[in-house]
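Chemist: sequence and predicted structure are below.
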There are 2 protein chains.
Amino acid sequence: MLTPSQKPHERLAEVLAVELDQVNALIRDRMASKHAPRIPEVTAHLVEAGGKRLRPMLTLAAAKLCGYDGPYHVHLAATVEFIHTATLLHDDVVDESAKRRGRPTANLLWDNKSSVLVGDYLFARAFQLMTETENLRVLNILSDASATIAEGEVLQLSAAQDLTTSEDIYLQVVRGKTAALFSAATEVGGVIAGRPANEVQALFDYGDALGISFQIVDDLLDYWGSDATGKNIGDDFRERKLTLPLIKAYAKADADEQAFWKRVIEKGDQQEGDLEHALALLNTHGALEDTRQEALAWAAKAKTAMASLPQSELRDLLIDLNDYVVARVS
Amino acid sequence: MLTPSQKPHERLAEVLAVELDQVNALIRDRMASKHAPRIPEVTAHLVEAGGKRLRPMLTLAAAKLCGYDGPYHVHLAATVEFIHTATLLHDDVVDESAKRRGRPTANLLWDNKSSVLVGDYLFARAFQLMTETENLRVLNILSDASATIAEGEVLQLSAAQDLTTSEDIYLQVVRGKTAALFSAATEVGGVIAGRPANEVQALFDYGDALGISFQIVDDLLDYWGSDATGKNIGDDFRERKLTLPLIKAYAKADADEQAFWKRVIEKGDQQEGDLEHALALLNTHGALEDTRQEALAWAAKAKTAMASLPQSELRDLLIDLNDYVVARVS
């Protein structure tokens, strides 16, 4: 039985327990490698590391709320998790990050080489899995999403340290790094269930808006969070990433403040006290509050899209999940 | 008109000129990115860098000698080149190499981050392209090949510096890093043309054996080549890679020689004169000659496979190409 105190993703995990077990079994089976034992060693670290299986649950929930009875939603859910895990492995190389989900990243435990190659292996495994569905439309959706993800990551790299980054570019980066896989995850659920175009569109819109609000909240918490979130406060600041709070603050900066941002972000000359000064500027100009409002607006769009689908337990859980994402900053 | 003095890949390029132009146009079109101009900057460097387009020509030639008249052999040829280019970008990160085809590698010109992410972009583009063929069997073949490639690269990473690496493991590595894409390139040509199983198998066998002999020759030239080949002599030695010449020499090493190999390969303690001593040992034990014989044996297998197909100009050019690969060490 569900209890109201459970978090939405925990309730989803309970409702989808049978399918999630199948997804986990498929993931374990497909990440194995007869010849290269390092592959499961590297991936087990990530796949077993307590990720919430959020993306696979989106696919399973979308397919099931559309009345799909299997078996390919399991393949697609595993595909989505493989793409996500591959992206994480490559991100850690790109970000040179030392922690992920509060644990050392694979590239520190092993090396950058393994992270790159095992990520490639998972991408290939993802494409093998999705091909097994023999559904050309899901192949299109998921390969398009993969291209959008990589494009967004490259765009983020170019936008890093560039104070002229616009909110439009930020949105493209966010679609790439987060929303593209969320929207593909929900869309393929509707497609594999053979639902009509308007329902598939609603599922896409939900995933897209959920992903965007999710990422905006994440970027906000980088200036606003606590160690409890598993993030180091100020990581984006130290890595000189142009996220929404900073873009909004820079747009309102006077000459002195512009000089400050140029020094710490463009030149990367960061000194003791700079993060505190940056936080003060973000607050002065209401950049954090404006960012929060934007996250809430995207969450509202996600809710509207999902609410357009016929009522069901899973539909309502996805609406709750959306509420929960922004509750971290509500 | 063809002249007998032309090299086989040059003659192939002439015979396939129309299709190669289509492949190049498709590659240019699909490597573009509206949002991330760094992508074509990075890839142009590689795609325009005078690669021989060997793999796409294998696909085009295989399809055409099977009587296929298009249009999807062009998509598949571009797919194969994208997978190859993505692999090169990631290899350069993994190998930390400074030169490729005699020019600085992308990871030095740009950075490792761009190489990883642009490689991912090209993988995704490859899967988009192959999906457009709507042929599930070629999707299986090419996603399987991608997994084999990544698996082989990881295996190579584990085998590096490991003097107990067997010739079997070496062969698996070679299939992964080279032959898997060669055999997929030729196999999909037969599949898209709808040829019977025995002909598709012959095309696979040709690509597999050609790829293996190609890689063995490459590994041999690392101890035997000249600067004219664009390779730095002794690169594999310095990177402590267990390639066939070294595996064969170590199998025949006496106690003193084993101690030498352990110092320079396992411990990586390399001093002035060690490469010269290694070369002497490789010669003493006939390791270079034995490696050469193995390359020739694989080339003979490739020739037998291709000769089983009906005679045609393209078939004979592929046989010539195979002869040419091993002619570098004949």
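Modeler: That came through, no problem.
Chemist: wait, is residue A:133 part of a helix?
Modeler: No. Counting by DSSP: H, G, I helix; E, B strand; the rest coil, residue A:133 is not part of a helix but coil.
Chemist: check whether it really touches residue A:74, as I assumed.
Modeler: No. With contact defined as CB atoms under 8 Å, residue A:133 does not reach residue A:74; the gap is 10.0 Å. (Each C-beta comes from the backbone N, C-alpha and C, glycine too.)
Chemist: looking only at neighbour counts, state which of the two leads.
Modeler: Set residue A:133 next to residue A:74 and count neighbours by other CB atoms under 10 Å in any protein chain shown: residue A:74 wins out with 24 against 21.
Chemist: does that one really touch residue A:20, like I thought?
Modeler: No. Contact criterion CB under 8 Å: residue A:74 and residue A:20 do not qualify, at 9.1 Å.
Chemist: overlap in contacts, these two.
Modeler: Counting by CB atoms under 8 Å, 6 or more residues apart in numbering or on different chains, the common neighbours of residue A:74 and residue A:20 are residue A:60.
Chemist: name the SS class of residue A:223, please.
Modeler: With three-state DSSP as the basis, the three-state label of residue A:223 is helix.
Chemist: quick check: it vs chain B, distance?
Modeler: 23 Å (CB to the nearest CB, to the nearest Å).
Chemist: so which elements touch the helix or strand that contains residue A:138?
Modeler: Here residue A:138, judged by DSSP states H and E, is contained in helix A:136-159. On a contact count with 3 or more CB pairs under 8 Å, 6 or more residues apart in numbering or on different chains; DSSP states H and E, helix A:136-159 meets helix A:72-95, helix A:112-131, helix A:167-174, helix A:180-192, helix B:38-47, helix B:112-131.
Chemist: could you dump those to a markdown table with mean pLDDT?
Modeler: Below are these laid out as a markdown table (pLDDT from 0 to 100):
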| stretch | mean pLDDT |
| --- | --- |
| helix A:72-95 | 91 |
| helix A:112-131 | 92 |
| helix A:167-174 | 95 |
| helix A:180-192 | 98 |
| helix B:38-47 | 73 |
| helix B:112-131 | 92 |
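Chemist: CSV for those, including distance to residue A:31?
Modeler: Conversion of those to CSV gives the following (distance: least, CB to CB, whole Å):
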stretch, distance to residue A:31
helix A:72-95, 8
helix A:112-131, 7
helix A:167-174, 28
helix A:180-192, 18
helix B:38-47, 29
helix B:112-131, 18
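Chemist: out of those, which comes closest to residue B:270?
Modeler: Closest approach to residue B:270 among these is made by helix A:112-131 (20.0 Å; CB to CB).
Chemist: tilt between that closest one and helix A:136-159?
Modeler: The directions of helix A:112-131 and helix A:136-159 differ by 150 degrees, with axes from the mean of the first three to the mean of the last three CA atoms, to 10 degrees as the criterion.
Chemist: counting contacts, what elements does helix A:112-131 pack onto?
Modeler: Using 3+ CB pairs under 8 Å, 6+ apart: helix A:112-131 touches helix A:17-31, helix A:38-47, helix A:72-95, helix A:106-109, helix A:136-159, helix B:72-95, helix B:112-131, helix B:136-159.
Chemist: quick one: mean pLDDT over the fifth one.
Modeler: Going back to what we said before, that points to helix A:136-159. For helix A:136-159, mean pLDDT is 93.
Chemist: buried ones in that helix?
Modeler: A:136, A:138-159 (16 or more other CB atoms under 10 Å in any protein chain shown).
Chemist: now do that helix: distance to the chain's middle.
Modeler: 13 Å (CA atoms, centre = their mean, to the nearest Å).
Chemist: and the angle for it with helix B:38-47?
Modeler: Using the same axes, to 10 degrees: helix A:136-159 against helix B:38-47 is 100 degrees.
Chemist: repeat for the third one
Modeler: Per the same axes, to 10 degrees, the angle that helix A:72-95 makes with helix B:38-47 is 80 degrees.
Chemist: same check on the first one?
Modeler: Relative orientation of helix A:17-31 and helix B:38-47, computed by the same axes, to 10 degrees: 30 degrees.
Chemist: mind listing residues that contact helix A:17-31?
Modeler: A:13, A:39-40, A:43-44, A:47, A:53, A:56-57, A:60, A:64, A:70, A:73-75, A:77-78, A:81-82, A:122, A:125, A:128-129.
Chemist: in PyMOL, how would I select just the buried ones from these?
Modeler: Applying 16+ other CB under 10 Å to these leaves a buried subset, and the PyMOL line that selects it is:
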select buried, chain A and resi 13+39+43+47+53+56+57+60+64+73+74+75+77+78+81+82+122+125+128+129
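Chemist: in the stretch 201-330 of chain A, what residue lies closest to chain B?
Modeler: residue A:239 (11.6 Å; CB to the nearest CB).
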